[in-house]
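Enquirer: Just to be clear, the model below is a prediction. Sequence and coordinates:
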Amino acid sequence: MEESILKTLEDNFSETYWIKIYNNEFPHDFFYFLGSHKLFGYIVSKENNGLGKSLAELTQLVYEVSKISGFATYLLLAQNLVAKMCEENCHNDIKKELLSKIIRGENKISLALTEEECGNDALCIKSSALEINGSFLLNGKKDYVTNADLVDYIIIAARTSYDENKRSYGITLFLTDIEKLRKNGRFIKLHKMGLDFLSLYTIYFNDLKIDKKYILGEQNKGWNIIVKYFNWDKLLLAAMFVGIGEKALDIAIKYSKQRKVFDKIIGSYQGIQFPLAEAHINLVAAKALINQAKEYPDDIDLVFSAYYTALNAASQAIDTSLQVLGAKGYLKNSLIEKFYRDIRYYKIGPLSKELLLANIAYRVLGLPKSY
């Protein structure tokens, strides 16, 4: 099935399509195509109308799709994680109503976790939820919320309790209907450098009333859910990076076999060959780490190492490809120019390279905690 879907994807969503989409337009056709084939329920059990595949299989699919759709593959991995999160943590009534719509692409969901004042310290969130007669009143704000203008629901992380000895306790996840949020909140659009097909918003909410059944998992234990899917997210992103890096490298290799300078194709010069070969080697190494990590998705050492290596390898491949294409790659109608801007975001967030290294130093190497 995957081979026929990938072939159809390639036939229907060409480079021309992606150049258009990457200029501030959400890829609705692509999104609905994935939904029509239930690919947002790839790792949801068959009992709940999903395809019942493993995380390792989804990792491979993300890698394959990313060579076609580039950074828009994020939509595939993000909605899969949301669907699985709902299957495992939504109240039965909510799951029955919502899950099949997520799988078919009829409902979009985003996560609202970050607050600008906290940066990478997600546990410092100030948004609060006060329980009153079986419901909660939410107050606060969230920054950098993806596609808040397009989604049907947003999962808001808010504090329902605080324990200074265990800061991860007391965070609760609330599933919020976007229309209710619009009536009780304020949306401010943010303008950014890359990932133009995704919009970004700051959201303010005041006395937003949410019924208790819209809590994901247990009250006060939302951080456990976030950590689990955060690690899976890193693995899937790593696979996406490698696929995009290979796509960028293919564009540069094809160009280097055609472009002539000083009466010779540029691919015959070692100044072109060496950086392309080095970029290829690093992508191969990243893929090997991903293949190992996808069998042990809860191993933070493997997953973070795969993510870090894949991000660096893809960044190198894209930068090398831009150098090979020269001015042609720098133009606005070039996929490489868009890849160059988009990959830069992932060195900042959702997990900065510095915090990733600090986590490895503390959790794997046993060094003192530095953050």
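Expert: Cool, got the structure.
Enquirer: Do you have the helices of the protein handy? List them.
Expert: 2-12, 15-21, 28-36, 55-69, 74-89, 92-103, 178-183, 222-256, 270-293, 300-325, 327-330, 335-345, 353-359 (DSSP state H).
Enquirer: helices or strands next to the second one in the packing?
Expert: The one in question is helix 15-21. Applying 3 or more Cβ pairs under 8 Å, 6 or more residues apart in numbering; DSSP states H and E, one finds that helix 15-21 makes contact with helix 335-345. For the C-beta atoms, the positions are set from N, CA and C on the backbone; glycine is no exception.
Enquirer: Now the helix it packs on - C-alpha only, CSV.
Expert: Taking C-alpha atoms only, helix 335-345 is exported to CSV below (Å, rounded to 0.1, in the frame of the first residue of the first chain):
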residue,chain,number,x,y,z
LEU,A,335,13.4,24.6,-3.0
ILE,A,336,16.9,24.8,-1.7
GLU,A,337,16.5,28.4,-0.5
LYS,A,338,13.3,27.4,1.3
PHE,A,339,15.0,24.3,2.9
TYR,A,340,17.9,26.6,4.0
ARG,A,341,15.6,28.9,5.9
ASP,A,342,13.4,26.1,7.3
ILE,A,343,16.1,23.8,8.7
ARG,A,344,17.5,26.7,10.7
TYR,A,345,14.4,26.7,12.9
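Enquirer: start the count at 844, not 1, going forward
Expert: OK, 844 is where the count begins now, so the last one is helix 1178-1188.
Enquirer: returning to that earlier point: let's have the helices of the chain in JSON lines, adding mean neighbour count, mean pLDDT and distance to residue 984.
Expert: Below are the helices of the chain laid out as JSON lines (neighbours: other Cβ atoms under 10 Å; pLDDT from 0 to 100; distance: least, Cβ to Cβ, whole Å):
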{"stretch": "helix 845-855", "mean neighbour count": "13", "mean pLDDT": "90", "distance to residue 984": "38"}
{"stretch": "helix 858-864", "mean neighbour count": "15", "mean pLDDT": "86", "distance to residue 984": "30"}
{"stretch": "helix 871-879", "mean neighbour count": "17", "mean pLDDT": "96", "distance to residue 984": "27"}
{"stretch": "helix 898-912", "mean neighbour count": "22", "mean pLDDT": "97", "distance to residue 984": "31"}
{"stretch": "helix 917-932", "mean neighbour count": "23", "mean pLDDT": "97", "distance to residue 984": "22"}
{"stretch": "helix 935-946", "mean neighbour count": "17", "mean pLDDT": "94", "distance to residue 984": "25"}
{"stretch": "helix 1021-1026", "mean neighbour count": "15", "mean pLDDT": "92", "distance to residue 984": "12"}
{"stretch": "helix 1065-1099", "mean neighbour count": "22", "mean pLDDT": "96", "distance to residue 984": "18"}
{"stretch": "helix 1113-1136", "mean neighbour count": "17", "mean pLDDT": "98", "distance to residue 984": "35"}
{"stretch": "helix 1143-1168", "mean neighbour count": "23", "mean pLDDT": "97", "distance to residue 984": "29"}
{"stretch": "helix 1170-1173", "mean neighbour count": "14", "mean pLDDT": "93", "distance to residue 984": "37"}
{"stretch": "helix 1178-1188", "mean neighbour count": "20", "mean pLDDT": "95", "distance to residue 984": "21"}
{"stretch": "helix 1196-1202", "mean neighbour count": "15", "mean pLDDT": "92", "distance to residue 984": "22"}
